[in-house]
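S.K.: can't give you the sequence, but here's the structure:
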């Protein structure tokens, strides 16, 4: 762990670990699920974890709170109320995995100031990996500094993290038929995929569309690990729509340029 983590970061990690132990893991392989209006899965564990996280986090910093399991109107109001400071939370990122018994999910928490994350914690309770970062202080997983692995490879040799589901069909088909990388993985948890990119487990990363609570903590952890990031349409990741963004990312700057150029060329040829 960082030799001098702030009291706030330490307390946030402790809260996330506590909620995972009390509300999430006892329900793993033993939960009820339903469908939200957008067709996505929600479980009783998502609801219980969010209800537990909100007062505990507000006990650290008393400010607005946005959680995935709020209505859009509630989220919009919370964002308006929290333009200065805001907690942004996904109580279980990878809910479909969780509901099916697949051990790839995480709790994601970000503290945002002036519209940008300044503190992020993503906790994988199955692997007991707490990824964490504060702006300007580097990124860590448990006691180890990120990235855990750094290498310089050509795109054709890269391990890629790709979420095909939200990519446009033409780009997804091109990646499938004529992949420019060596091998590809998808874990069904955006938060963990950011962390795996930050750790160097992926050489390149692509996602067609993430919500604010999917990328807020992950973006900061990845940035503090030294990563390079953009969207499919903007070099500045934060340009454009706040609530949903595509992701192009790589740790190595040269590989990032090659990866972004390949994707932009094929994305814009739609």
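M.R.: Perfect, I can see it now. Please read all numbers here as calculations on a predicted model, not as lab measurements. Numbers count the residues shown, from 1 in each chain.
S.K.: Go through stretch 178-196 and flag the buried ones.
M.R.: 180-181, 184, 187-196 (16 or more other C-beta atoms under 10 Å). All C-beta atoms are positioned from the backbone trio N, CA, C, and that covers glycine.
S.K.: Among those, which are located in helices?
M.R.: Judged by DSSP state H, the subset of the buried residues of stretch 178-196 located in helices is 190-196.
S.K.: Now flag whichever of the buried residues of stretch 178-196 is closest to residue 69.
M.R.: The shortest approach to residue 69 among these belongs to residue 191, at 15.0 Å (C-beta to C-beta).
S.K.: For stretch 9-28, what is the distance to the chain centroid?
M.R.: 17 Å (C-alpha atoms, centre = their mean, to the nearest Å).
S.K.: Of the buried residues of stretch 178-196, which pair is most distant in space?
M.R.: Every pair of the buried residues of stretch 178-196 checked by C-beta to C-beta; the farthest is 180 and 191, at 25.6 Å.
S.K.: Contacts for stretch 235-242, please.
M.R.: 79, 115-116, 212, 219, 229-231, 233-234, 245, 247 (C-beta atoms under 8 Å, 6 or more residues apart in numbering).
S.K.: any idea of the mean pLDDT for that stretch?
M.R.: Per-residue pLDDT over stretch 235-242 has a mean of 93.
S.K.: thinking again about what came up before, and the contacts of stretch 235-242, which are buried?
M.R.: 79, 212, 219, 229-231, 245, 247.
S.K.: Tell me the one among those residues nearest to residue 259.
M.R.: Using C-beta to C-beta, the buried ones among the contacts of stretch 235-242 come closest to residue 259 at residue 230, 9.7 Å.
S.K.: From residue 204, how far out is that closest one?
M.R.: 12 Å (C-beta to C-beta, to the nearest Å).
S.K.: do the same with residue 120
M.R.: Residue 120 is 21 Å from residue 204, by C-beta to C-beta.
S.K.: more neighbours, these two?
M.R.: residue 120 (32 against 27; other C-beta atoms under 10 Å).
S.K.: The worst-scoring helix or strand of the chain on mean pLDDT pairs with which strands, parallel or anti?
M.R.: The helix or strand of the chain with the poorest confidence is strand 33-35; it has a mean of 74 (mean pLDDT, DSSP states H and E). When sheet partners are counted by DSSP bridges, strand 33-35 sits next to strand 41-43 (antiparallel).
S.K.: Need the contact partners of the partner strand.
M.R.: 27, 31-36, 69, 92, 95-96, 98-99.
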